[in-house]
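[1] the following block contains a protein sequence and its predicted model.
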Amino acid sequence: MSFSETISPLLGRIIFVWFYGNAAMDVVHHWSGYAGQLAARHMPVPPLMLVFALLLVAIGCLSLLFGYHTRHGAVLLFGVTIVAAVTLRDYWHFSDDQARLAAFQLFSRDLAICGGLLLLVGMGGGPLAVDNRGGGKPSGGGGKVKR
């Protein structure tokens with residue numbers, strides 16, 4: 001296995017954690033603004049929704065950071081991201097061209113992030129993940145069962 005095949009999954013996981021960590025800290029620092037956005041979109045109990053989303057993001061970030069149950073963590077982050085993209089980046093409802101374009105760009109970014117998370121779901125955390133500490137085989141792989 002080449003150096004790039006060994007290190008790139010780790011760096012990719014770290015970049016995802018950095019991205020989601022910054023987003024979570026932004027939510028914490030601007031709590032009332034985000035709660036107001038959710039309330040404006042008729043989301044039920046906005047503070048509870050924010051706490052739930054932050055909890056999922058925290059669990060997903062820890063999973064990706066250490067490469068422990070990487071696929072599950074990526075699915076959590078995928079779920080949060082796709083729900084946020086569809087509910088908060090609904091560019092198809094904007095009549096103003098500039099506002100629609102801005103929302104579309106954020107929607108597109110979120111979909112691209114979801115694509116990267118799906119790669120983690122499919123391929124796992126890479127060789128430098130806790131998931132692979134026992135022999136280097138990807139977790140959930142189709143290896144033979146020893147009897």
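    Alright, I've got the coordinates. Predicted model only: the values in this text are computed from it and were never measured.

[2] list the contacts for Pro46?
    34-36, 38-39 (CB atoms under 8 Å, 6 or more residues apart in numbering). Just so you know, the C-beta spots here come from the backbone N, C-alpha and C atoms, and that holds for glycine as well.

[3] same check, this time on Gly12
    By CB under 8 Å, 6+ apart, Gly12 lies in contact with 116, 120, 126.

[4] which helix or strand contains it?
    In this structure, Gly12 sits in helix 3-29 according to DSSP states H and E.

[5] roughly how far out does that helix sit from the chain middle?
    9 Å (CA atoms, centre = their mean, to the nearest Å).

[6] list the buried residues in the helix or strand following that helix.
    On the C-terminal side of helix 3-29, the nearest following helix or strand under DSSP H and E is helix 31-40. Within helix 31-40, the residues scored as buried using 16 or more other CB atoms under 10 Å are 34-35, 38.

[7] low-confidence stretches in this structure?
    Along the chain, segments meeting pLDDT under 70 span 135-147.

[8] now do the strands in it.
    Ranges of strands in the chain, per DSSP state E: none exist.

[9] that one: helices as residue ranges?
    Assigned by DSSP state H, the chain shows helices spanning 3-29, 31-40, 46-66, 70-88, 97-123.

[10] report the inter-axis angle for the last one versus helix 3-29.
    On the basis of axes from the mean of the first three to the mean of the last three CA atoms, to 10 degrees, helix 97-123 is oriented at 130 degrees to helix 3-29.
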